[in-house]
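> Here's a sequence, model it:
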Amino acid sequence: MTQIIVLPHVELCPEGVVIEAQPGRSLCDTLLEHGIEIEHACEKSCACTTCHVVVREGFDVLDPAEETEEDLLDKAWGLEPTSRLSCQTIVKGESLVVEIPRYTINMAKEGHKK
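Here you go, the predicted structure:
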């Protein structure tokens, strides 16, 4: 198993969390399986940016983003050099530290907390 540290996010995991992830699974699926309700408006098909994360540690061990992901990331709120779409980021054997940005670009988000 691979350790993933999720930094605190005011709505999704206020205290932050450390989870054990199965290598070979997407980061988005891993977060969802551990109760972190990250948005994924396109149902993880690499067609939006709502599952955008910033990889604070471990970015260099991930496979590079493909062109489609890179193009979408250009539209993500709070883009950083280590930004990835969690639906396209496959967990490997190395630990990761990830931050879920405070905001996302999703005009149709239902159940939004104000």
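
> Only C-alpha atoms from now on, for both contacts and neighbour counts.
Will do.

> For V97, list each beta-bridge partner.
Beta bridges link V97 to I5, E57 when assigned by DSSP bridges.

> shouldn't it be in contact with I5?
Yes - taking contacts as Cα atoms under 8 Å, V97 lies within contact range of I5: 4.6 Å.

> count of neighbours near P81?
P81 is flanked by 9 other residues according to other Cα atoms under 10 Å.

> That one belongs to a strand?
No - looking at P81 with DSSP: H, G, I helix; E, B strand; the rest coil, it is coil, so not inside a strand.

> who's in contact with it?
Listed by Cα atoms under 8 Å, 6 or more residues apart in numbering, P81 has no contact partners.

> could you pull out the helices for the chain?
With helices called from DSSP state H, the chain shows them at 27-33, 67-73.

> could you dump those helices to TSV with mean pLDDT?
Shown next, in TSV, are those (pLDDT from 0 to 100):
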stretch	mean pLDDT
helix 27-33	97
helix 67-73	95
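
> In CSV: these, plus mean neighbour count and distance to L79.
Formatted as CSV, these follow (neighbours: other Cα atoms under 10 Å; distance: least, Cα to Cα, whole Å):
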stretch, mean neighbour count, distance to L79
helix 27-33, 19, 17
helix 67-73, 14, 7
